[in-house]
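In: Attaching a predicted model along with its sequence, questions to come.
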Amino acid sequence: MGQAVGSDPAMTTPLMLRAGVPGAVSAAVHSVGGRPAVVVNFDPSHKRGALTRSDGDTLAEAARFARNERVPLVVFMASSGADVGEGLDALVGWGRAAREMVRNSGIVPMIMVVTGPAVSGPALLLGLADAVIMTPDAYAFVSGPRMVTAFTGVPISVDALGGPAAHARSSGVTSLIAASTEDAGDLVEVLLAHLPSHNDEEPPTLATDDPVGRLTPEAGAILPASPTGSYDVRAVARAVVDDEEIIELRAAWASNLVTALATIGGRPIGIVANQPQTLAGTLDIAASQKGARFVNFCDGFNLPILTLVDTPGFAPGKDQEWRGMIRHGAEMAFAYARATVPRISLTLRKSYGGAFIVMDSKTIGNDLALAWPTAEIAVMGARGAVEILHRRAAPEERVTLEADYEARLLNPYLAAERGLLDAVIDPSDTRREIADALELLATKRERIVPRAHDNSPL
């Protein structure tokens, strides 16, 4: 997408932090993509990167320095865990590092790159980062294969338990997988190019030759003729954003929801989109967690949020309900409702029931609610509604009732009449409408109510 416009000149000499302290961890201020960042490196040749108290203090100091100087924190990790030979002191070190990273959260971007093992306590630090990148040789877990086998009786390999594919697909820890450490460094630069150095500044503008007024007829053409047909919502997103480029984060985990970074008119934005290709775009627990965390991330670093809606609702099921669908579904509503960045929603097709609310509806406080003429905004679909309202009707009568329900209620114009939509737009105008809205909302500011912290439904 090009280089950041107006970025600081590259630093000629890294500024070392705690340079005279021996250990596996080193830290310095480097130029990353033309901007200063604190970069931490673990040396796997030094006791396999085992974390001593001193190493933990170096990581803690790096995080503290990044926060005080308002620059991003980038950590390249390869650690076998706390140094067993040092005993309890080693735990003190990584505990201090964890505390400083928590204090950084939402203030400066934190990216962690795993290039080898990340075991036990150091592995938990990955969960504190804004983004995690893993290389092919990386693995991460709190309890290793031997302990898992001893506890469960089921043998498992290091890679199956905590390799990049496992964390990309099953745990959601991994945001991106890199082909090598060098490739991981490039991905760090790409991510930071879309983010401000700290939460008190706007993201940098990226250069692009893609005109904001470009028409997007191909976006509407992506939708299939059948209202139940599948399609890739990422194709819609690519049609709308600059140069057809999106950076999808956590792509393999909860793939029924897409979370991605992109730009429109050079402005970095976050995209949240239901994915009809997976589970028909329904929202389940994992998708709710994924979406809520990403919305919080965008809100923390001043990224406007574009939400593309096409969902029949929450995924039904005993397992979902027992595992906390209520709590985790509320995470999405909570994240959107407290977000203060510019928020634009675009309903492409279905938006039913509670999912209509949590996918950044007008009722939960978005700034602009748009829809295509193909949008269906209702409590539920025609078949479900007829089964409830006319359960005794004959099969042939139900067909007529469903058609009548669709004609009267399954269109965006009724929602527009009630003020739940701001406009019904032609798909060809989508990019222009969103770019205009982002320009208008660039000066949006909200007063935040003073409090120690909120109580998000985790």
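Out: Now that the structure is in, tell me what you want to look at. Only a predicted model underlies this, so the values are computations on that prediction, with no experimental measurement involved.
In: Every contact and neighbour count from this point should use C-alpha atoms.
Out: Noted.
In: so what's the nearest residue to Thr216 once chain neighbours are set aside up against?
Out: Taking C-alpha to C-alpha, 6 or more residues apart in numbering as the measure, Thr216 lies nearest to Ser428, with 4.2 Å between them; neighbours along the chain are not counted. In this structure, Ser428 makes contact with 215-220, judged by C-alpha atoms under 8 Å, 6 or more residues apart in numbering.
In: CSV for those residues, including pLDDT, neighbour count and secondary structure?
Out: Converted to CSV, those look like this (pLDDT from 0 to 100; neighbours: other C-alpha atoms under 10 Å; DSSP: H, G, I helix; E, B strand; the rest coil):
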residue, pLDDT, neighbour count, secondary structure
Leu215, 98, 17, coil
Thr216, 98, 19, coil
Pro217, 97, 15, helix
Glu218, 97, 14, helix
Ala219, 97, 21, helix
Gly220, 95, 19, helix
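In: which among those gets closest to Asn455?
Out: Of all these, Asn455 sits closest to Ala219, with 38.8 Å by C-alpha to C-alpha.
In: I figured that closest one hits Ala239, correct?
Out: Yes. At 5.7 Å, Ala219 counts as touching Ala239 under the criterion of C-alpha atoms under 8 Å.
In: the domain parsing of this protein - what is it?
Out: 15-193, 217-375+411-443 (automatic domain parsing).
In: Using JSON lines, lay out those domains together with distance to His453.
Out: As requested, these are exported to JSON lines (distance: least, C-alpha to C-alpha, whole Å):
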{"stretch": "domain 15-193", "distance to His453": "12"}
{"stretch": "domain 217-375+411-443", "distance to His453": "12"}
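In: and Pro203, which of those is closest to it?
Out: The closest of these to Pro203 is domain 217-375+411-443. By C-alpha to C-alpha, the value is 6.6 Å.
In: end-to-end on the closest one?
Out: 30 Å (C-alpha to C-alpha, to the nearest Å).
In: For the stretch 201-350 of the chain, just list every one of the strands.
Out: Using DSSP state E, counting those that start in this stretch, the strands assigned to the stretch 201-350 of the chain run over residues 247-249, 257-264, 267-274, 305-311, 343-352.
In: Enumerate the positions of stretch 227-245 that are buried.
Out: Of the residues in stretch 227-245, those buried under the neighbour-count criterion (16 or more other C-alpha atoms under 10 Å) are 230-231, 233-234, 236-237, 239-245.
In: got a list of contacts for it?
Out: Residues beyond stretch 227-245 that count as contacts (C-alpha under 8 Å, 6+ apart) turn out to be 1, 208, 210, 216, 218-220, 222-224, 246, 258, 262-266, 273-277, 280, 349, 430-431.
In: circling back: how about CSV for the strands of the stretch 201-350 of the chain, with distance to Met325 and mean pLDDT added?
Out: As requested, the strands of the stretch 201-350 of the chain are arranged in CSV below (distance: least, C-alpha to C-alpha, whole Å; pLDDT from 0 to 100):
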stretch, distance to Met325, mean pLDDT
strand 247-249, 23, 98
strand 257-264, 16, 98
strand 267-274, 17, 98
strand 305-311, 16, 97
strand 343-352, 17, 95
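In: how about the ones you listed in CSV, adding distance to Gly185 and mean neighbour count?
Out: Written out in CSV, the entries for these read as follows (distance: least, C-alpha to C-alpha, whole Å; neighbours: other C-alpha atoms under 10 Å):
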stretch, distance to Gly185, mean neighbour count
strand 247-249, 15, 19
strand 257-264, 18, 25
strand 267-274, 20, 26
strand 305-311, 26, 27
strand 343-352, 31, 25
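In: Now tabulate these in JSON lines and tack on distance to Ser170.
Out: As requested, those are arranged in JSON lines below (distance: least, C-alpha to C-alpha, whole Å):
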{"stretch": "strand 247-249", "distance to Ser170": "14"}
{"stretch": "strand 257-264", "distance to Ser170": "14"}
{"stretch": "strand 267-274", "distance to Ser170": "19"}
{"stretch": "strand 305-311", "distance to Ser170": "22"}
{"stretch": "strand 343-352", "distance to Ser170": "27"}
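In: List just the one of these that sits closest to Thr374.
Out: The minimum distance between Thr374 and the strands of the stretch 201-350 of the chain falls on strand 343-352, with 5.4 Å, by C-alpha to C-alpha.
In: picking up where we left off before, in helices only, show me the buried residues of stretch 227-245.
Out: 233-234, 236-237, 239-240 (DSSP state H).
In: export the contacts of Ser428 to JSON lines and tack on distance to Pro203?
Out: Supplementary listing: those in JSON lines, determined by distance: C-alpha to C-alpha, whole Å:
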{"residue": "Leu215", "distance to Pro203": "26"}
{"residue": "Thr216", "distance to Pro203": "26"}
{"residue": "Pro217", "distance to Pro203": "29"}
{"residue": "Glu218", "distance to Pro203": "29"}
{"residue": "Ala219", "distance to Pro203": "27"}
{"residue": "Gly220", "distance to Pro203": "30"}
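In: for these, which one is nearest Ile156?
Out: Distance to Ile156, by C-alpha to C-alpha, is smallest for Ala219 among the contacts of Ser428, at 44.5 Å.
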